[in-house]
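Participant: Sharing a model that was predicted from the sequence below.
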Amino acid sequence: MISSIASTTLLSGLATQSRVAQTAANNIANLTTPDYQAERGQVVSTSPAGAAYVPLPPEGEVDLTREVVDLNQAKQAYIMAARTFSRIARTEREALDVLA
């Protein structure tokens, strides 16, 4: 079974990147909304292992280029965390098969 620290780290990473993508998508969706202030957040490291998304105050107009970059980075980080989770699970299954 995947260790609790690995599990916590990977799941918090997945949740954090989902939140980054959601924020970027909200900003893109509101690009033409009058007086809309772009939502912002920051990814921070948490203890003992993991990450969290901390909302920041709204920040002026939506910058479409920034939102697309944020969305792409969140997607890539999410993919890598999901692949890592899958790889660990597969390695553990293979190790159990060897022991059986």
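Facilitator: Nice, thanks for sending it over. Since the structure is predicted, the reported quantities are computational estimates derived from the model, not experimental observations.
Participant: pLDDT weak spots in the chain?
Facilitator: Low-confidence segments of the chain, defined by pLDDT under 70, are located at 1-3, 5.
Participant: Show me where it has its helices.
Facilitator: Secondary structure of the chain (DSSP state H): helices located at 4-29, 64-99.
Participant: Ok, which of these comes nearest residue 48?
Facilitator: With distances scored as Cβ to Cβ, the stretch of those nearest to residue 48 is helix 4-29 (6.3 Å). Using the backbone N, CA and C atoms, a C-beta is placed for each residue, glycine as well.
Participant: Tell me the helices and strands packed up against the closest one.
Facilitator: If you count contacts as 3 or more Cβ pairs under 8 Å, 6 or more residues apart in numbering; DSSP states H and E, helix 4-29 packs onto strand 40-45, strand 51-56, helix 64-99.
Participant: Columns mean neighbour count and distance to residue 47 on top of the helices of the chain, output as JSON lines?
Facilitator: Formatted as JSON lines, the entries for the helices of the chain read as follows, by neighbours: other Cβ atoms under 10 Å; distance: least, Cβ to Cβ, whole Å:
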{"stretch": "helix 4-29", "mean neighbour count": "17", "distance to residue 47": "10"}
{"stretch": "helix 64-99", "mean neighbour count": "13", "distance to residue 47": "18"}
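Participant: possible to save those helices as a markdown table with distance to residue 35?
Facilitator: Compiled in a markdown table, the helices of the chain are given as follows (distance: least, Cβ to Cβ, whole Å):
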| stretch | distance to residue 35 |
| --- | --- |
| helix 4-29 | 14 |
| helix 64-99 | 17 |
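Participant: nearest to residue 54, of those helices?
Facilitator: Between residue 54 and those, the shortest gap by Cβ to Cβ is with helix 4-29, which sits at 9.6 Å.
Participant: Tell me how far stretch 33-46 lies from the chain's centre.
Facilitator: The chain centroid and the centroid of stretch 33-46 are separated by 14 Å under Cα atoms, centre = their mean, to the nearest Å.
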